[in-house]
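Trainee: For reference, the sequence and a predicted model appear below.
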There are 2 protein chains.
Amino acid sequence: MNASPDLIALAQNTRQAALVLAQTAHEERNQALEIVAKGLTEAIPEILAANRTDCEEAEAEGISKPLYERLKLSESKLKATISGLDDLRRLPDPLGAVTLHRELDQGLILQRISCPLGVLGVIFEARPEALIQIVALALKSGNGAILKGGKEARRSCQILTAVIKNSLGATAVSPEVVQLLTTREEIRELLTLERELDLIIPRGSNEFVRYIQTHTQIPVLGHADGICHLYIDAEADPHKAVTIAVDAKTQYPAACNAIETLLIHREAAPALLPALAQALETKGVLLKGDEETQRLIACEAATEADWSAEYSDLILSIKVAESLEAALTHIQTYGSKHTEAIVTENPETARRFLNQVDAAGVYHNCSTRFADGFRYGFGAEVGISTQKMPPRGPVGLDGLVTYKYQLTGQGHIVADYGAGGKSFTHRDL
Amino acid sequence: MNASPDLIALAQNTRQAALVLAQTAHEERNQALEIVAKGLTEAIPEILAANRTDCEEAEAEGISKPLYERLKLSESKLKATISGLDDLRRLPDPLGAVTLHRELDQGLILQRISCPLGVLGVIFEARPEALIQIVALALKSGNGAILKGGKEARRSCQILTAVIKNSLGATAVSPEVVQLLTTREEIRELLTLERELDLIIPRGSNEFVRYIQTHTQIPVLGHADGICHLYIDAEADPHKAVTIAVDAKTQYPAACNAIETLLIHREAAPALLPALAQALETKGVLLKGDEETQRLIACEAATEADWSAEYSDLILSIKVAESLEAALTHIQTYGSKHTEAIVTENPETARRFLNQVDAAGVYHNCSTRFADGFRYGFGAEVGISTQKMPPRGPVGLDGLVTYKYQLTGQGHIVADYGAGGKSFTHRDL
């Protein structure tokens, strides 16, 4: 399928506006953020009213409880999101950073300089506050953003976009850098805009992200699965093991960085599993165990399918591991390269786990729930990437910029180098 | 289609070997490079003999001249490639670099550390020396490599791989990190190995790269097109303009960083075009011009299709631009974001060109032919990327590593933070 001429024209307008945005000074982009935050703050009553109407309609249509929770904007959630824009302003300029400065030869100078990606296509379900965060990150990093929110959040997205565009009208940044699409059909069209979009950011369910990933040639930032493990070593501190397990599973079970499987060393299991089970069950967690686990605590039987399941709920599978190697192999086989944690007091065991596990986040004696752009100090995040290629892990401003090589000479040509000719100096400046 | 069990097993073996390689010390990887270089040097007569047989067979089968040139290994080309391994050894370790070191809270320390991608799938036509370069880059960066050379280079690839694997036998690096596939069918199977491969590197024609890009969900490093422009400004130095144009077009016209279109400012055209045409025609370049160009010099008419053509040959299209803006618009419309150059003595014009052109390389007063990993001082390159997402431009070791976030705590949990709880310190160390 091809995109409609209207959509192509809209995307091209966005790119032109983004090219101008890319040339703005840091203060101009920060000022735009400040004015957008002010505009949003003034419009809080209208935004909440629009969101209430979205919520009522969604409820009448029988929306699921978790989706409803994500759709609903409380005043405190909205205010916290708006105040995130102040944090973002305090972060350094992601543009114009010189990451390589090298003399190739006398008078021939190479610089690698960070610059915006261009235009982002952002497709998200529910969560209206994600719109604010992503637009703010796009503005700070000099990118245009074409947004498509879920049908259920239609009114919320419309008023948020209107307020943002209105606010930008009083700044050096053109309101044209932010666009909102309104029909579902446009998602499929958007995915064909290889020349007009530089990155697609999907925010939603695993199935939704996987659909996007397999239906476009545009780079996609994100992750489909979050199957995270907590491995409790033979030399784990029992108190840390229990509190970290409870936090990683129950503090927000629907999050991608919550654990799905607990691995526990055979030597630690008899003494620790009963305490773990009690603490988790107190929090309402349903436990499923392998055979050895079932001998030590009362729980359901885990099947092969459990090791690959992302419950996103108060369910935890448990497996006894005979060694660190067995735990590493299990993680390599079933993990989704998101975040993996070990609890141990043995620094050498910790070192081996941190070195050998291949995941965006590898943690020692702390909860997997720390895997998050805010907690890492990135100001905000556009998502968490489990891809191998960077950007990996929580992605903030750094993931929305690329770089270009600027080479300045004085008439230098390649024919002068090589056998018998001039040599490169390759001297870092 | 699905990959055969044999190929999956081979890929999994490569990953296991690569995981061990990832844990080796820099000196061990460098020693492996040294021993491989020694092995290749000793085997030069056998390698050249195998390549001669490949060339004879290819010639008998009527191989095209450019492909024959790329297939043929001269002793000097082979020696230069082997000595490139010494340059590579002198580069710093790409692994274990700490690119972020931050206290999130007391006792909760975040580090971002560079690590290998894992296993590379390398598919290339002709050019046997590319095998040596890419294997060397893979070894230095701790990655496994599954190679598939062109049918025409079968014997060359076989002996090179045998010598490399043999040499690795005497080192800390397992010979299993390098694998050579031999049948054409395996390319399509390789493209399905999403779990087993982390990056596909195709080296070959535009059509070949585009086929790979559109037939796999694995990230692909590379570029399909190289449509580079040279813009000669009204304030260009005539001597620089002519020598750079000749170098950028004729020094190696089949290279992706050679120019395809010359843009010249209307004010410079009458005085400069005749001299440019003479210098280029002396080198055998066929010129095609827009109407205004045709009024100034004798040349063929350029059609709309010429502005999108990658000739890879001694052909150059020429267009008169009424302004810098017109040149920028032409480049934005027809360029492939590879390398774009301006010749001007006006620093402000140069600054605007370097800032506003969106390409992996933006050059001032030098030839586009400098876009190359060796010339940038990267030791070698696996290819040049025209994608927006990093790695962009000539890709050396930096493009073969990713990073992971290591977080170490003392029992830290997320539930302790937020409203009324602890705060993050976010202090860079």
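Mentor: Everything's here; your move.

Trainee: For chain B, see how far away A:Asp6 is.
Mentor: According to C-beta to the nearest C-beta, to the nearest Å, A:Asp6 and chain B sit 20 Å apart. The C-beta positions use only the backbone N, C-alpha and C, and glycine is treated the same way.

Trainee: Give me the pLDDT value at that residue.
Mentor: As predicted, A:Asp6 sits at a pLDDT of 90.

Trainee: tell me the SS of it?
Mentor: Three states are possible here, and by DSSP: H, G, I helix; E, B strand; the rest coil the one that applies to A:Asp6 is helix.

Trainee: so how many other residues sit close to it?
Mentor: Counted with other C-beta atoms under 10 Å in any protein chain shown, the burial measure for A:Asp6 works out to 10 neighbours.

Trainee: Chain B contacts on the stretch 101-250 of chain A?
Mentor: Counting by C-beta under 8 Å from any C-beta of the partner chain, the residues of the stretch 101-250 of chain A close to chain B are A:102, A:104, A:108, A:110, A:115, A:117-118, A:198-199, A:213-214, A:217, A:219, A:237, A:239-240, A:243-244, A:246-248.

Trainee: Please pick the buried ones from those residues.
Mentor: Neighbour counting by 16 or more other C-beta atoms under 10 Å in any protein chain shown classes A:102, A:104, A:108, A:110, A:115, A:117-118, A:198-199, A:213, A:219, A:237, A:240, A:243-244, A:246-248 among these as buried.

Trainee: Go through the residues of the stretch 101-250 of chain A next to chain B and flag which are in helices.
Mentor: Within those, residues falling in helices by DSSP state H are A:Gln213, A:Thr214, A:His239, A:Lys240, A:Thr243, A:Ile244, A:Val246, A:Asp247, A:Ala248.

Trainee: Not including adjacent chain positions, what is the nearest residue to the fifth one?
Mentor: Excluding the flanking residues, the one nearest A:Thr243 by C-beta to C-beta, 6 or more residues apart in numbering or on different chains is B:Ile413, at 5.6 Å.

Trainee: which ones are touching that neighbour?
Mentor: The neighbourhood of B:Ile413, defined by C-beta atoms under 8 Å, 6 or more residues apart in numbering or on different chains, consists of A:Thr243, A:Ile244, A:Val246, A:Asp247, A:Ala248, A:Gln251, A:Cys366, A:Ser367, A:Arg369.

Trainee: hmm, try it at 6 Å
Mentor: Residues in contact with B:Ile413 (C-beta atoms under 6 Å, 6 or more residues apart in numbering or on different chains) are A:Thr243, A:Asp247, A:Ser367.

Trainee: could I get these as a markdown table with pLDDT?
Mentor: Conversion of the contacts of B:Ile413 to a markdown table gives the following (pLDDT from 0 to 100):
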| residue | pLDDT |
| --- | --- |
| A:Thr243 | 98 |
| A:Asp247 | 98 |
| A:Ser367 | 98 |
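
Trainee: quick one, strands of the stretch 51-200 of chain A?
Mentor: Listed in chain order, the strands of the stretch 51-200 of chain A (DSSP state E, counting those that start in this stretch) span A:98-105, A:108-116, A:119-124, A:144-148, A:178-181, A:199-203.

Trainee: Turn these into CSV, columns for distance to A:Asp290 and mean pLDDT.
Mentor: Compiled in CSV, these are given as follows (distance: least, C-beta to C-beta, whole Å; pLDDT from 0 to 100):
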stretch, distance to A:Asp290, mean pLDDT
strand A:98-105, 48, 96
strand A:108-116, 48, 97
strand A:119-124, 37, 93
strand A:144-148, 43, 96
strand A:178-181, 47, 95
strand A:199-203, 34, 91
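
Trainee: Of those, which is nearest A:Ala22?
Mentor: Of all these, strand A:108-116 sits nearest to A:Ala22, with 4.9 Å by C-beta to C-beta.

Trainee: Which residues does the closest one contact?
Mentor: The contact list for strand A:108-116 (C-beta under 6 Å, 6+ apart) reads A:22, A:95, A:97-104, A:141-143, A:401, A:403-409, A:412.

Trainee: Could you rerun that using 8 Å?
Mentor: With C-beta under 8 Å, 6+ apart as the contact definition, strand A:108-116 has outside contacts at A:18, A:21-22, A:94-104, A:141-143, A:400-410, A:412, A:429, B:358, B:366, B:370, B:376.

Trainee: And for stretch A:188-195?
Mentor: Applying C-beta under 8 Å, 6+ apart, the external contacts of stretch A:188-195 come out as A:1-4, A:7-8, A:11, A:121, A:123, A:146, A:148, A:181, A:197, A:200, A:212, A:215-218.

Trainee: buried ones in it?
Mentor: Within stretch A:188-195, the residues that qualify as buried are A:Glu189, A:Leu190, A:Leu191, A:Thr192, A:Leu193, counting by 16+ other C-beta under 10 Å.

Trainee: Rounded mean pLDDT for that stretch, please.
Mentor: The model assigns stretch A:188-195 a mean pLDDT of 91.

Trainee: what about the helices in the stretch 301-429 of chain A?
Mentor: Secondary structure of the stretch 301-429 of chain A (DSSP state H, counting those that start in this stretch): helices at A:324-334, A:347-356.

Trainee: Which secondary structure elements does the last one sit against?
Mentor: Looking back up the chat, that one is helix A:347-356. Contact analysis of helix A:347-356 by 3 or more C-beta pairs under 8 Å, 6 or more residues apart in numbering or on different chains; DSSP states H and E lists helix A:324-334, strand A:339-343, strand A:361-366, strand B:401-412 as its packing neighbours.

Trainee: at 7 Å what do you get?
Mentor: Helices and strands touching helix A:347-356, as assessed by 3 or more C-beta pairs under 7 Å, 6 or more residues apart in numbering or on different chains; DSSP states H and E, comprise helix A:324-334, strand A:361-366.

Trainee: got it, and the longest one?
Mentor: Under the contact criterion of 3+ C-beta pairs under 7 Å, 6+ apart, the helices and strands touching helix A:324-334 comprise strand A:315-321, helix A:347-356.

Trainee: Now the helix or strand of chain A with the lowest mean pLDDT - C-alpha only, PDB.
Mentor: The weakest-scoring helix or strand in chain A, judged by mean pLDDT, DSSP states H and E, is helix A:65-71 (a mean of 84). What follows is helix A:65-71 as a C-alpha-only set of coordinates in PDB (Å, rounded to 0.1, in the frame of the first residue of the first chain):
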ATOM      1  CA  LYS A  65      -8.900  -2.500  33.400                       C
ATOM      2  CA  PRO A  66      -5.200  -2.200  32.800                       C
ATOM      3  CA  LEU A  67      -5.800  -0.300  29.600                       C
ATOM      4  CA  TYR A  68      -8.200   2.000  31.500                       C
ATOM      5  CA  GLU A  69      -5.500   2.600  34.100                       C
ATOM      6  CA  ARG A  70      -3.000   3.600  31.400                       C
ATOM      7  CA  LEU A  71      -5.600   5.900  29.700                       C
END
